[in-house]
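Engineer: for reference, the sequence and a predicted model appear below.
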Amino acid sequence: MPLVLFVLFVPLVSRRVKSPYDHILVSMVETSTSAPTQTGTGLKREIGLIGLTWSSMGSIIGSGWLFGALFAAQAAGTAALLSWGIGVAAITILAFVHAELGGAYPVAGGTGRFPHYAYGSVAGSSFGWFSYLQAVTVAPIEVYAAVSYASVHLTWLQNTDGTLTWQGLLIAVGLMALFTIVNFLGVRRLANTNSAATWWKIAVPTLVIIVFAAGHFHGSNFGIDGFAPSGSEGVLSAVSTGGIMFALLGFEQADQLAGESRNPQRDIPRAVLGSVLLGALIYILLQVVFIAALPTSAFAHGWSNLSFQGDAGPFAGLATLLSLGWLSTVLYIDAIVSPSGTGLIYTTAASRVSYGLSRNGYVPNLFEKTSSRRVPWFGLLIAFLIGCIAFLPFPTWKSLVGFITSASVLMYAGAPLAFGALRRQDRQRYRPFRLAAGGFWAPVAFMVSGLIIYWSGWDTLQKLGYAIILGYLVIGANFLFKLNPHLPRPDWGAAQWLPVYLIGMGVLSWQGRYCSKGPARTTSCGATAAVPQWWDLLLVAAFNLGIYYWALAVRLPDDEAHGYIGDVDAQIGSGVETTHA
């Protein structure tokens, strides 16, 4: 049934407005593989403010809303509302930094290019790999979302602990294979999401908010077991492991499409900030109505074991308990269609990100191999294999959400570093949106990124560390054996802080107080909890602050940074952007 709904519905909602990663698709499709020395292709600047805002909203409203309210409530109780507030504040700070960079450097794929401008090829390849890790693991988590909701009626798909049965695993692999096959066929219209799809994704949770609030609001639920039954650590853990940050991720997609914006310097900051505020409003209201609509029996074993019949698909199961069968049906359809569409897009994205890494000389040029339809078949196969492998160390939606959150925030962390450096390297550039007190907010944004990564838990960061090491082995082998004819000059000096940062965050997490399932005092993951509460947060913040100023001190010289930046102003004035390998 999930496959049938996916095949029938997704083509109908896949036209007109560009995907968040369509700039990569356009660049790949129009570039001839027989001429690897070609310098670039033209991207039409035709997307307005609404299109940019909708591209970010389409990424912010994903499978996170289907599960975030339940897992955040389990982690923090009523204080989940405070967790959402912390998450919104954190993402807003990061969004302000991205808004200035996106307006000043309105180029396609900005999130991955900003660190490259400021710190050169070593930092550029690293943050490019972090971006790939995020893109390649989104499809599996969206598959989990669809299968989990389907399991409410098809109980043979999941075990009682939320892990997939062997039949469920086969269905999950089948969906991954379907995403890959559709991409192999080169169906360009399925690489686009449309305004109708985004309207659908916004309309369904809005409908849930209205219906639950209108007739099923029990204010007394907010006082059960006090405000924060799991303490402050439960509140902070929920930000990273309860799906809160994962739900809010995606605001930067307007930056990614800057190369195709009609008026990027005006519209990029507005789109980034507008999408964050709109998404935050929807998610907080969803958390409120979810808690208020819960039946008293759901609290029988406390907030940490919050459960009810059909909670494998939280909102649909709750709608069924409330005798809202029609709404439950809408939610089950949405839980299959929306994640499947997002999974398809990110399968496309992962193969195009690896294609771009190869074009920049960072990974073997096998990733540039394309079929007769100009589809990067090798990158697709690798994305499929990694996606399927991800089901093994991350057997549930909740276990994978922390990994994606930490990988995404690690990718975002490059922006405040680039922000601080580029304000010094490129002082004369016109910045249509200039962040007030940017010298204060940039290091704060970097510290916030470090805290979110830390809250993901030691067991999650262990797995992320292995994935990062694998990436460096691939990049290292590429340079050692010259597997790509266009190897860049390594800018070691400007990235000397990077290994210390990555290793240091790992050590702090190991000695810290958080696991993927919550605080280390309530669960075991290898974290020692050696650092006292609150002192651990101070230590993480101080470490990140030190790394920030170290990075600024060893940034690229101004003339080298200008060489990487190129003539962005000329690209804006010409109405097209030229993307360089």
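Structural biologist: Thanks, I have it. Numbering: from 1, shown residues only.

Engineer: need phi/psi at P519.
Structural biologist: Phi and psi for P519, reported as degrees, to the nearest 10, are phi -60, psi 140.

Engineer: bridging across strands, which residues link to it?
Structural biologist: Y514 (DSSP bridges).

Engineer: check Q158 too.
Structural biologist: L164.

Engineer: surely it and L164 touch.
Structural biologist: Yes. Look at Q158 against L164 with Cβ atoms under 8 Å: they come within range, at 6.0 Å. For every residue, glycine as well, the C-beta is placed using N, CA and C.

Engineer: which helices and strands does the helix or strand where Q265 lies pack with?
Structural biologist: Element membership of Q265, judged by DSSP states H and E, is helix 264-293. Contact analysis of helix 264-293 by 3 or more Cβ pairs under 8 Å, 6 or more residues apart in numbering; DSSP states H and E lists helix 49-60, helix 64-76, helix 80-104, helix 195-215, helix 244-248, helix 253-256, helix 314-321 as its packing neighbours.

Engineer: W492: which of these is closest?
Structural biologist: helix 80-104 (24.2 Å; Cβ to Cβ).

Engineer: pLDDT of the closest one, averaged?
Structural biologist: Averaging pLDDT along helix 80-104 gives 91.

Engineer: now the angle from it to helix 49-60?
Structural biologist: Counting by axes from the mean of the first three to the mean of the last three Cα atoms, to 10 degrees, helix 80-104 lies at 140 degrees to helix 49-60.

Engineer: can you list the buried residues in helix 80-104?
Structural biologist: 80-88, 90-104 (16 or more other Cβ atoms under 10 Å).

Engineer: you'd agree I61 is up against P205?
Structural biologist: Yes. If you go by Cβ under 8 Å, I61 and P205 touch, sitting 6.8 Å apart.

Engineer: of those two, who's got more company?
Structural biologist: Between I61 and P205, counted using other Cβ atoms under 10 Å, I61 has the larger neighbour count: 26 against 21.

Engineer: excluding its backbone neighbours, what's nearest that one?
Structural biologist: Nearest residue to I61, sequence neighbours excluded (Cβ to Cβ, 6 or more residues apart in numbering): K201, at 4.5 Å.

Engineer: what's the burial count for that neighbour?
Structural biologist: For K201, using other Cβ under 10 Å, the count is 26.

Engineer: my guess is it meets S63, correct?
Structural biologist: No. In this structure K201 lies outside contact range of S63 using Cβ under 8 Å: 10.3 Å.

Engineer: between those two, which contacts overlap?
Structural biologist: When contacts are counted by Cβ atoms under 8 Å, 6 or more residues apart in numbering, K201 and S63 have S338 as shared neighbours.

Engineer: can you pull out the low-pLDDT segments for this structure?
Structural biologist: 1-46, 107-110, 186-196, 255-260, 567-581 (pLDDT under 70).

Engineer: picking up where we left off before, what do Q158 and L164 both touch?
Structural biologist: V147.

Engineer: returning to what we had before: the helices and strands packed on helix 264-293: which one's closest to V375?
Structural biologist: Nearest of those (Cβ to Cβ): helix 253-256, 20.3 Å.

Engineer: contacting residues around stretch 302-319?
Structural biologist: Contacts of stretch 302-319 (Cβ under 8 Å, 6+ apart): 66-67, 69-70, 73-77, 148-152, 158, 162, 208, 224-225, 229-230, 290, 293-295, 297-299, 301, 320-321, 325, 327-328, 331-332, 335, 518, 522.

Engineer: from the residues you listed, list the buried ones, please.
Structural biologist: 66-67, 69-70, 73-77, 148-152, 158, 162, 208, 224, 229-230, 290, 293-294, 298-299, 320-321, 327-328, 331-332, 335, 518.

Engineer: might you report the residue contacts of L278?
Structural biologist: T53, M57.

Engineer: related to what we said a few turns ago, among the helices and strands packed on helix 264-293, which comes closest to G120?
Structural biologist: helix 80-104 (16.9 Å).

Engineer: what's the first helix or strand after that closest one?
Structural biologist: Next along the chain from helix 80-104, counting by DSSP H and E, comes helix 110-119.

Engineer: any idea how far the helix or strand following that next one is from the chain center?
Structural biologist: Toward the C-terminal end, the helix or strand that comes next after helix 110-119 (DSSP H and E) is helix 121-150. Centroid separation for helix 121-150 versus its chain: 7 Å, with Cα atoms, centre = their mean, to the nearest Å.

Engineer: outside of the very next helix or strand once past helix 121-150 itself, list whatever touches it.
Structural biologist: Sequence-wise, the next helix or strand downstream of helix 121-150 (DSSP H and E) is helix 166-184. Helix 166-184 is contacted from outside by 2-3, 6-7, 139-140, 143-144, 146-147, 151, 156-158, 164, 190-191, 340, 343-344, 347-348, 351, 371, 373, 375, 377, 380-381, 383-384, 387-388, 391, using Cβ under 8 Å, 6+ apart.

Engineer: buried ones among those?
Structural biologist: 2, 6, 139-140, 143-144, 146-147, 151, 157-158, 164, 190-191, 340, 343-344, 347-348, 351, 375, 377, 380, 383-384, 387-388, 391.

Engineer: show me what contacts the nearest residue to A292 once chain neighbours are set aside?
Structural biologist: Nearest residue to A292, sequence neighbours excluded (Cβ to Cβ, 6+ apart): F217, at 4.5 Å. Going by Cβ under 8 Å, 6+ apart, F217 touches V289, A292, A293.

Engineer: what do you get for T396?
Structural biologist: Per Cβ under 8 Å, 6+ apart, neighbours of T396: Y144, D161, G162, T163.

Engineer: what's the longest helix in this structure?
Structural biologist: If you go by DSSP state H, the chain has its longest helix at helix 325-359.

Engineer: can I get the contacts of T396 in CSV with distance to S121?
Structural biologist: CSV is the format used below for those (distance: Cβ to Cβ, whole Å):
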residue, distance to S121
Y144, 35
D161, 45
G162, 42
T163, 41
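
Engineer: closest to D267 out of these?
Structural biologist: Once Cβ to Cβ is applied, the member of these that ends up nearest D267 is Y144, at 34.3 Å.

Engineer: find the nearest non-adjacent residue to the closest one, please.
Structural biologist: W397 (4.1 Å).
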